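S.K.: Structure, please.
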Amino acid sequence: MADLSGGSEAVPVELWPPGEAPPAFQYSPDSVAGADGELDPTEVTFPGCPCRSRSCAPPACPCLPRGHGHGRLGLGLPEQQQPFSRPVFECNSLCGCGEGCCNRLVQRGLRLRLQVFRTRCKGWGVRAMEPIPAGSFVCEYAGEVLGSAEAQRRIRAQAPQEPNYIIAVREHLHDGRLLETFVDPTRVGNVGRFLNHSCEPNLVMVPVRVDSMVPRLALFAAADISAGEELCYDYSGRFHNSPGASTEHKPLEEENSLRKPCYCGSRTCASFLPWDSSLFSTPATSP
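M.R.: Take a look at the predicted model:
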């Protein structure tokens with residue numbers, strides 16, 4: 001069976017059905033700097049820990065006190081699947097610990113068998129080819145990391161019938177600041193670009209930082225997932241990290257003409273895919 005990643009992943013990404021393929025794009029397991037050159041996700045700006053053991057542990061490791069780590073939780077998702085209240089930092093390329101450190105998870109990349117397949121009415125999707133326990137890291141949503149101006153320019157240049165892969169992640173800091181990350185896997189991306197939306201998803205997205213403040217958009221299993229089950233997350237980011245949790249989706253009537261229908265089929269389906277109006281706003285101009 002064809003490997004969509006072209007051998008760039010540790011585990012082949014299967015493609016189904018045979019003889020069919022999605023529109024061409026450049027496969028990259030990791031995010032890359034966008035054409036605007038505003039942000040470089042490969043730049044190393046965090047200092048490394050001096051740990052010499054095979055696996056870091058608090059309080060000795062300075063990486064762990066920065067926020068959540070994976071070691072205490074084992075699989076990466078917080079106890080009782082509650083939302084992260086603090087950022088997640090992994091040990092990085094400058095750290096003295098080994099590759100087997102428990103605080104290195106997302107950076108190891110894809111380790112599960114996934115298949116990109118043609119769905120009945122949602123275009124291409126992704127399904128699990130093996131059981132995935134709740135809390136497991138599944139894959140990253142990788143693509144070009146853009147500045148807000150370039151992200152808005154690309155959105156406004158799209159035709160209504162074109163799929164939109166650009167995701168905007170906003171993190172609210174305790175001091176009131178807002179951190180925004182825009183990732184576009186349209187031209188360069190990985191298996192995550194094919195994940196469909198669901199109003200009752202089985203994945204949750206968590207920003208994970210490794211080498212710099214530019215986060216990796218990691219997707220974790222929010223419930224036990226069976227082999228053959230389609231993998232989905234909530235494009236709005238309003239998922240409460242618990243299966244079946246209800247969310248409010250009440251689009252304004254005047255926005256409906258710009259929104260695309262949702263075919264997730266869940267009990268709480270909002271009828272429309274989430275829509276970020278800020279990406280369609282006109283940048284302020286100087287008088």
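S.K.: Just give the closest residue to residue 54, not the sequence neighbours.
M.R.: residue 98 (4.6 Å; Cβ to Cβ, 6 or more residues apart in numbering). (Each C-beta comes from the backbone N, C-alpha and C, glycine too.)
S.K.: Next: residue 22.
M.R.: Counting by Cβ to Cβ, 6+ apart, the residue nearest residue 22 is residue 124, at 5.1 Å.
S.K.: my read: the one you found touches residue 115, true?
M.R.: No: taking contacts as Cβ atoms under 8 Å, residue 124 lies outside contact range of residue 115: 10.4 Å.
S.K.: Show me what the residue nearest to residue 22 bridges to in the sheet.
M.R.: Counting by DSSP bridges, residue 124 is bridged to residue 118.
S.K.: what about it, how many residues close to it?
M.R.: Around residue 124 there are 20 other residues, counting by other Cβ atoms under 10 Å.
S.K.: Kindly report the same for residue 156.
M.R.: Applying other Cβ under 10 Å, we find 12 residues neighbouring residue 156.
S.K.: helix, strand or coil for it?
M.R.: At residue 156, secondary structure determined by DSSP: H, G, I helix; E, B strand; the rest coil is helix.
S.K.: Need the pLDDT of it.
M.R.: On pLDDT, residue 156 comes in at 89.
S.K.: swap in residue 92?
M.R.: Looking at residue 92, the pLDDT reads 94.
S.K.: Doesn't residue 150 lie inside a helix?
M.R.: Yes: counting by three-state DSSP, residue 150 is part of a helix.
S.K.: so it touches residue 37, yeah?
M.R.: No: using Cβ under 8 Å, residue 150 makes no contact with residue 37, being 9.3 Å away.
S.K.: which of those two has more neighbours?
M.R.: The neighbour count for residue 150 versus residue 37, taken as other Cβ under 10 Å, is higher for residue 150 (20 against 10).
S.K.: got a list of what the nearest residue to that one once chain neighbours are set aside touches?
M.R.: Distances taken as Cβ to Cβ, 6+ apart place residue 36 nearest to residue 150, at 4.0 Å, with adjacent residues excluded. By Cβ atoms under 8 Å, 6 or more residues apart in numbering, the contact set of residue 36 is 146-147, 149-150.
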